[in-house]
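>>> predicted structure and sequence below. I'll ask about it afterward.
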Amino acid sequence: MEAKKKMLWDAIHHKGGQVPVMYRGEPPVNKRLLTYFGLKNLETEWETFIHRLGADNYSDGETLGGFSTYFPKYIGPDFSTLFEINRFHIWGIKPVAIEAGGNRDLVFSKNPPLAEKGNLEDVKNYPYPQLEWFDFDTYVNNSEQVDYTSQEQQQEIKTEHLKPSNRYYLNTSCLNSIFMTSIFLRGMDNMLMDLVSNQKYAQILVEHIGEFMVNFCRKNLESIGKRIDLYGIWDDFASQEGLMLAPELWRKFYKPWDQKIIEIAKSYGLLVCFHICGNCTAVLPDLIEMGVDILDPVQTSAKDMDLAKLKKEYGKDLCFHGGLDIQGFLPRANPAQVRQKVEKIKGMFEDQGGLILGPSHYITNDTPTENILAIYQ
């Protein structure tokens, strides 16, 4: 295992020593830094980019691989929707693009396909996706660091050519956002009400989603589970203040399916990283119990997500991935303040490990270049 990967391994397994620092940024930020470093193509030059920046790893949303996260090639029907790497379109969910600050964001909550279909027959007979829509012999490099507009732009690799790496972590993720898929299908208000007052409907919908995602995970890892290091889950069911639903409802409807997915990943000896934005402290004991190794993105601007507090309460059982606030701190601080913050956080974790330090989400385009450089140099 080469030095940088070993550094991350030590942090994840609480070995102490140097705290690794990772990078991830929105596409406009990546383009700006490419120009700064005299580079042109992030896909082919990302390792040079990271070296010049001074970061120890190029991470993504719920994985340790900005350019080493793989997903089976989609070969299913054409839904005539905007392309996005999470493939929410297979559920009949149509993303809408919003341009802001030089960045293109996709919204999935407009016009939920089940919004006006609240009968049991509606949810039973909905056209759910099929495993046959994916080619598990051919994978694409599923990075969020490049603003792809079609799958054809993604680099392909045959399963037999995907070899374990001693240099960096290989990952897979996506199609495991059970809560998010349910609210994008039904609509946020409808789904949260169903979980309380229309529970049979909610149960049927979540079961259809969960069963597909468990089977997809199983098939995916049958193909590449022995070739990779980490399985990433993204499911945002928390806000800045707390969970979007009562913890008991999450445990009743969603946790059993997440548990099955994690058990499949663990059967291949994979690390599991779980991404939940916001204040997710109410379920951190559950995630630990379920076998989660890494918590992302550690949104320290949210209530009760102070790193020192998290380390004290959960640091022996979880590795934290993120922790530098991109909302208020990085855009508004000066470089000296950024360096001071980084050194303070490193000092908290050098003795026991348990942290891969970096931005608490993709660095946004309102962050000065000097502040980004100060994180790593």
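On my side now, so go ahead.
>>> can you tell me how far Asn220 is from Thr369?
The gap separating Asn220 from Thr369 is 38 Å, by Cβ to Cβ, to the nearest Å. The way it works is simple: take the backbone N, C-alpha and C, and place the C-beta from them, glycine included.
>>> look at these two and report which has more neighbours.
The neighbour count for Asn220 versus Thr369, taken as other Cβ atoms under 10 Å, is higher for Asn220 (26 against 13).
>>> element containing the more buried one, please.
Following DSSP states H and E, one finds Asn220 within helix 199-224.
>>> packing partners for that helix?
strand 69-74, helix 120-124, strand 134-141, strand 171-173, helix 178-186, helix 188-197, helix 247-253, helix 255-267 (3 or more Cβ pairs under 8 Å, 6 or more residues apart in numbering; DSSP states H and E).
>>> deepest-packed of the ones you listed, please.
strand 171-173 (a mean of 27; mean count of other Cβ atoms under 10 Å).
>>> mind listing the helices for this protein?
In the chain, the segments counted as helices under DSSP state H are 3-12, 27-36, 42-53, 120-124, 178-186, 188-197, 199-224, 247-253, 255-267, 284-290, 307-314, 329-332, 335-349, 369-376.
>>> residues contacting the first one, please?
Which is helix 3-12. When contacts are defined by Cβ atoms under 8 Å, 6 or more residues apart in numbering, helix 3-12 is touched by residues 1, 15-20, 56-57, 64, 165-169, 271, 293-294, 319, 349, 353-356.
>>> in a markdown table: the helices of the chain, plus mean pLDDT.
Putting the helices of the chain into a markdown table (pLDDT from 0 to 100) gives the following:
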| stretch | mean pLDDT |
| --- | --- |
| helix 3-12 | 95 |
| helix 27-36 | 96 |
| helix 42-53 | 97 |
| helix 120-124 | 98 |
| helix 178-186 | 98 |
| helix 188-197 | 98 |
| helix 199-224 | 98 |
| helix 247-253 | 98 |
| helix 255-267 | 98 |
| helix 284-290 | 98 |
| helix 307-314 | 97 |
| helix 329-332 | 98 |
| helix 335-349 | 97 |
| helix 369-376 | 98 |
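>>> hmm, back to that, in the helix holding Asn220, what counts as buried?
201-202, 204-206, 208-210, 212-214, 216-218, 220-221, 223-224 (16 or more other Cβ atoms under 10 Å).
>>> hang on, the earlier thing: just put the helices of the chain in TSV and tack on distance to Arg104.
Shown next, in TSV, are the helices of the chain (distance: least, Cβ to Cβ, whole Å):
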stretch	distance to Arg104
helix 3-12	30
helix 27-36	8
helix 42-53	16
helix 120-124	32
helix 178-186	18
helix 188-197	22
helix 199-224	26
helix 247-253	31
helix 255-267	29
helix 284-290	31
helix 307-314	31
helix 329-332	19
helix 335-349	27
helix 369-376	20
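>>> those helices: which one's closest to Ser80?
helix 178-186 (17.5 Å; Cβ to Cβ).
>>> contact partners for Asp235?
Applying Cβ under 8 Å, 6+ apart, the residues contacting Asp235 are 176-180, 254, 258, 274-276.
>>> before we move on, back to that, so for Asp236, which of the helices and strands packed on helix 199-224 sits nearest?
Closest to Asp236 of the helices and strands packed on helix 199-224, according to Cβ to Cβ: helix 178-186, at 6.1 Å.
>>> filter the contacts of helix 3-12 down to the ones in strands?
Using DSSP state E, the members of the contacts of helix 3-12 that fall in strands are 57, 271, 294, 319, 355-356.
>>> Throw those residues into CSV and include neighbour count and distance to Asn141, thanks.
Output for the ones in strands among the contacts of helix 3-12, formatted as CSV (neighbours: other Cβ atoms under 10 Å; distance: Cβ to Cβ, whole Å):
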residue, neighbour count, distance to Asn141
Asn57, 23, 16
Leu271, 24, 19
Ile294, 26, 21
Cys319, 22, 24
Leu355, 28, 27
Ile356, 27, 21
